[in-house]
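1. any chance you can model this:
(chains A, B and C)
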Amino acid sequence: MTSVLDISNLTVALPEGGDRPFAVSDLSLSVGAGQCVCLVGESGSGKSVSAQAILGTLPRALKRSGGRISFLGKDLPLEDKAAMQTLRGGRIGMIFQEPSASLDPVMRVGAQLDELLSVHGVASRQERRRRIRELFAAVRLPDPERIYAAYPHQLSGGQAQRIVIAMALALEPALLIADEPTTALDVTTQAEILKLIKDLQTRSGAGLLFITHDLGVVADIADQVLVMQEGKVVEEGTRDAVFSRPTHPYTIKLLKAIPRRQARPEREAGPLVLEAEGIHLTYRPSAGFLKRREIVAVEDVSITLRRGQVHGIVGESGSGKSSLVRCILKLETMDAGRLMIGGEDAGQWRKGMPKPMRKRLQIVLQDPYSALDPRQKIGDAIAEAARVHGASGAEAAAKARELLGMVNLPPQAYERFPHEFSGGQRQRICIARALATDPEILIADEAISALDVSIQAQILKLFRDLQERLGFAMLFVTHDLRVASAICDDITVMWKGRVVEQGRVDDVFDRPRHDYTRQLLDAIPDKGSFATSGLSHLEATP
Amino acid sequence: MTGLVLGKIVRAMITLLITVTLVFFFIRLSGDPAAALAPPDAPPQVIEQYRRAMGLDQPLPVQYFNYVLGLVQGDFGYSIHTGRPVEEIFLARVPATLLLGLTALGIALVLGVTLGTVAALSRASVLDRFVMAFSVFAFAMPNFFFGILVILTGALVFGVFFGGTGGIANFGQVLAPAATLGLASMGSFARFTRSSLLETLNKPFMGALEARGIPPMRRLLRHAAPNAAIPIVTMLGLSLGGLVAGAVVTEQVFSWPGVGQLLIRSVQTRDIAVIQFSVIAVSFTMTLANLVVDLVYFWLDPRIRRSGNV
Amino acid sequence: MSERRAPAGGSMPWSVRLSMGFVALFVLFALFGQWLSPFDFRETSLLNRLEPPALFTGEDSPYLLGTDARGRDLLVRLAVGAQISLIVAVVGTLISAVFGSLLGLIAGARRGFAETAIMTAVDVQASLPIIIVALFVLAMFNNSFILLLIMIGFTDWEGYARLVRAATLSAKEQGYVTAQRVLGSSAARIYLRHVLPNIFNIILVKFTVSLPLTILLETALSFLGLGVQPPMTSLGQIMSEGRDRLLNAWWLTLFPGAMIFLLALSVSLIGDWLRDRLDPTLIEGRRA
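-> This is a model prediction of the structure:
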């Protein structure tokens, strides 16, 4: 196997005053032709900076301060701008995380591909046109003529990523670098794109450097794995070696963080706290002068929730899961349907929900960064929730202190402001605030999807512990079936505004009835739980 | 898209109608329009005659209807001083103001965008700091003061007298007042171009283009420039108001025989019909210009031009 | 706590220190400058017309900055003029800021009819440069100081309204507003206790941008003879009186002109610095 990329002791310095001296420290790796090397790490681990260093496109603030990078047996001419420019997009192809953000928004997609080919020396117009047609076929884009003339915003995320892949492969590169290429995509699209990248790479024989945070994906595609933490490689080896005998505590932590189906404690069915029947919601946004479009967001959805139960609502973007939540919270007025909350008919409230009812129904949102008022102290934010519902100042403060303890934050946090906390800590604060009114129903709306993998696992555990301790009912909204299976008793799968599957977690996973559910299950990476196979071995020998 | 354009046009028409209505009520509010419109020393009978001729003895809604109808039919009233139709007096002044305004806009746009681009590309350098300092200077400099300085410098240093009468015949004469008028806009264009271009250069797709080996010059001209130009068009619309206001002052300083000078003279002599027409004409021009800017914006930005998925 | 950030920004640049110094000096001069001169600002002296500034000629004369065409002391007139110009600018900008921000907040919070009505008013105002409105109003009504203040107070309300509406709309998208709604907080609590404090910096920065504009507008109107009327005076009015004597009495235009320019320049520089310090996207360190 010939080596395509060899990096030895690459070090990239961070500007002074950062939280550590190096973005990447002493990185060595090699990628052979036809080989897939995965660089795994959470945000801030230095994995994306490594890719930029290879391409010679480091941001100005970062400097390569040591190490060698050789490409196809020769040192990369990192100082020679013209030579690097020819290599980039030519012999080295790059695939990005946000496909639509990596295309020029005001230029037609076809023209962007055409430009790429012409810049890299394909002089004939007909030849370029022919190549583009071939590429569209290779990345399996339907209706090539229309896509050729389309602007990026007219493409779906999956289509845009196919274009970006086509661009990366356009000049038959020897090395393909993919930086979190599936993270921004919907679950089912993720699986398709992953398969596409792998197929095209195998067929072309190019080396693939794949950067990701998802160990499940790694288990599916990697030949070689490097785990990075804070700029350093902490574990490396073949895929089989790393997964079957993980040694570094960080690797083990990441592996443990992969959400797994967990049996829920059996309990008696509690009383019904939420009953939704035949909910319909249509948005009517303005579409210019005196015109309105109609977007059916939720169509004939029914769910029930009992005290002590965790009910997962699973769906991709546009499935209507968030709109359903907004209906239940009376943030939107549903067009039809019957909604009973704690035995009260929600249809009787004309404007919003009466305040005493609000107390019984709280939410934890997706983005922990925007969910807290930046100018309000943490303790005040939690206490305010209690005060709005009639607690005295002293009572509310005491409640806030108690809740901080319950979500495992130190008492000093009371006097601090949100910007002093990390994403995971902020999400704990949001949970404390939501619990300040002693709600009967807690809604978690994608409450862990914005967090890093290891933090996700912690917050998920916190939800589980609190729920078991306090016994509230929970609606757990997520796009990730794996996450749902780790906390829910029941699951509702939504697709295009409708419910396609509803039942116990085990039934949905083991005996799916609807095609779409099967697709979602198929899209879960690492179905054989290969990645976590080494953990049982570890647990057996503590 | 057509719906969007139609909506903009309707909004522009409503804006104009409200302005026209406000002008009507303000004139009625200010006292007796007949007394205001008649010559100051007119005897009561003449004022009474005016009142009847103008239909002021009729109920207010009827008066309003007739007023709007008059505007639509092109009947704008007569100057109390010359007795000529106001639109004639006004239109005679338009070429001078247009020459001044468009030259100023041209100078501001070309120099401002160039300076802003240079500053963005040489970010944090001495050149960048110089351009930023210049833009603050241009923003803070009162145009009447700058105009006076220009005239003083011209007279004392070069022995040229800017701001003579009827300077319009000579194209060179327009440069001094146009530079004065365009200074403030030039500063804001420079500043805005800089920030818009910097923002575009920091977008992920610019990094992606670099990673695909697209040469720097091509990235700048074919990709950064069109993306950065879109917000600059909006800026163009916002700067028109300042340009119109500045023109009134600049014309006064340089004795430029344009609309602004006419307006000041009419206010001093309380020639209400001329002022009324001027306000409506300015509002009409501004509304039209803003409409054009909006349409150009739609046309430039494919995200608005064509929505919907393939 | 892992994400604690170092306090933003370093030391104050010299240009901002200088600007703050000048603004302080200007305010002091406006308040106490009259005591530097033995004369009243209305006091004419036919014998001492167009005296050149003693400060420059070195002559032994009580007129440190010279006199105007009616023999009035320029120093005391500049002090009074600075006072009036400053009052008009600050009060006018405050009216714009309060009125415009309030309407913007309502438009952003309420949507529906209130929003349409407010935004239509914004469109109308945007189609009429304030100087044109001022000319129209001054022609219709008798010029008075109060009228001038009100009109100047209308200078930039539409700018505030647009800005605050946009800021309110984007604040509404933030999770903390949704969380407040789900908590059952009243609209007043949400918008006054949470949204307004968070967009206050934006209003503050806008204030520093529109203050120099208001200074320039008042002086321009007075320069055109349509602003502050005699016997009161303002910097623009002093300039306008000196305009016909550019060559033989340069001090009449240069001193007030330089004062206006430097004041507007200083406020703009302070505003720029404030914007860099307070830019909400810089303050609220978004995710890494």
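
2. just the CA atoms of the helix or strand encompassing residue A:297, as CSV, please.
-> Taking DSSP states H and E as the definition, residue A:297 sits inside strand A:295-306. Output in CSV follows, covering the C-alpha atoms of strand A:295-306 (Å, rounded to 0.1, in the frame of the first residue of the first chain):
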residue,chain,number,x,y,z
ILE,A,295,-47.5,24.8,5.3
VAL,A,296,-49.1,21.9,7.1
ALA,A,297,-46.8,21.4,10.1
VAL,A,298,-48.7,18.9,12.2
GLU,A,299,-51.4,16.6,10.8
ASP,A,300,-53.7,14.5,12.9
VAL,A,301,-51.3,13.7,15.8
SER,A,302,-52.4,12.0,18.9
ILE,A,303,-50.3,11.1,21.9
THR,A,304,-50.9,10.4,25.6
LEU,A,305,-48.6,10.9,28.6
ARG,A,306,-48.9,9.4,32.0
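
3. could you list the paired strands of that strand along with their orientation?
-> The pairing partners recorded for strand A:295-306 under DSSP bridges are strand A:272-283 (antiparallel).

4. quick one: buried residues of the strand it pairs with?
-> Using 16 or more other CB atoms under 10 Å in any protein chain shown as the test for burial, strand A:272-283 gives A:273-276, A:279-282. Bear in mind the C-beta positions are built from the backbone N, C-alpha and C, glycine included.

5. pick the one among those residues closest to chain C.
-> residue A:274 (14.7 Å; CB to the nearest CB).

6. for that closest one, which residues are in contact?
-> Counting by CB atoms under 8 Å, 6 or more residues apart in numbering or on different chains, residue A:274 makes contact with A:303-305, A:328, A:340-342, A:441, A:473, A:475.

7. with pLDDT and distance to residue A:75 added, can I get the buried residues of strand A:272-283 in CSV?
-> Output for these, formatted as CSV (pLDDT from 0 to 100; distance: CB to CB, whole Å):
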residue, pLDDT, distance to residue A:75
A:273, 93, 66
A:274, 93, 64
A:275, 92, 69
A:276, 93, 64
A:279, 93, 63
A:280, 94, 64
A:281, 93, 60
A:282, 92, 61
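
8. between all of those residues, which two are separated the most?
-> A:273 and A:282 (26.8 Å; CB to CB).

9. helix or strand: which one has residue A:29?
-> Here residue A:29 is assigned to strand A:22-32, by DSSP H and E.

10. other SSEs contacting that strand?
-> Secondary-structure packing of strand A:22-32 (3 or more CB pairs under 8 Å, 6 or more residues apart in numbering or on different chains; DSSP states H and E): strand A:3-13, strand A:36-40, helix A:47-55, strand A:63-71, strand A:207-212, strand A:224-229, strand A:232-238.

11. residue B:239 is nearest to which of those?
-> Residue B:239 lies closest to helix A:47-55 among those, at 38.9 Å (CB to CB).

12. and the closest one, what does it pack against?
-> Judged by 3+ CB pairs under 8 Å, 6+ apart, helix A:47-55 is in contact with strand A:3-13, strand A:22-32, strand A:36-40, strand A:63-71, strand A:92-95, strand A:175-179, strand A:207-212.

13. mind listing residues that contact the fourth one?
-> With contact meaning CB under 8 Å, 6+ apart, strand A:63-71 is reached by A:4-13, A:22, A:26-28, A:53-54, A:58, A:75-76, A:78, A:87, A:91-92, A:174-175.

14. where are the low-confidence patches of the stretch 201-350 of chain A?
-> Scanning the stretch 201-350 of chain A for pLDDT under 70 picks out A:287-290.

15. count of residues packed around residue A:440?
-> Residue A:440: 20 surrounding residues under other CB atoms under 10 Å in any protein chain shown.

16. then residue B:10?
-> A count of nearby residues for residue B:10, using other CB under 10 Å, gives 12.

17. next: residue A:24.
-> Residue A:24 - counted by other CB under 10 Å - has 29 other residues nearby.

18. if I pick it, what's in contact with it?
-> A:10-12, A:46, A:49-50, A:53, A:231.

19. can you select the buried ones from those residues in ChimeraX?
-> Buried members of the contacts of residue A:24, defined by 16+ other CB under 10 Å, are picked up in ChimeraX with:
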select /A:10,11,12,46,49,50,53,231
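
20. how about the contacts of residue A:24, which pair is most distant?
-> A:53 and A:231, at 11.7 Å, using CB to CB across the contacts of residue A:24.

21. if we can go back for a sec, most tightly packed of the helices and strands packed on helix A:47-55?
-> Stretch with highest mean neighbour count among those: strand A:92-95 (a mean of 28; mean count of other CB atoms under 10 Å in any protein chain shown).

22. for the chain, give me the ranges with low pLDDT.
-> Since you didn't name a chain, this refers to chain A. Judged by pLDDT under 70, chain A has its weakly predicted residues at A:1, A:287-290, A:537-542.

23. other chain: chain C
-> C:1-10, C:279-288.

24. what residue is smack in the middle of it?
-> Nearest residue to the geometric centre of chain C (CA atoms, centre = their mean): residue C:211, 2.2 Å.

25. correct me, but it touches residue C:265?
-> No. Using CB atoms under 8 Å, residue C:211 is not in contact with residue C:265, being 11.9 Å away.

26. tell me where chain B has helices.
-> Taking DSSP state H as the test, the helices found in chain B are B:2-29, B:33-37, B:44-53, B:60-73, B:86-121, B:126-140, B:143-153, B:172-201, B:204-211, B:216-218, B:225-253, B:259-268, B:272-300, B:302-305.

27. what sits against residue 215?
-> Defaulting to chain A. For residue A:215, the contact set (CB under 8 Å, 6+ apart) comprises A:40, A:254-255, A:258, A:453, A:526, A:531.

28. to clarify, I was referring to chain C.
-> By CB under 8 Å, 6+ apart, the neighbours of residue C:215 are C:85, C:89, C:260, C:263-264, C:267.

29. can you narrow these down to the ones near chain B?
-> When contact is defined as CB under 8 Å from any CB of the partner chain, the contacts of residue C:215 meet chain B at C:260, C:264, C:267.
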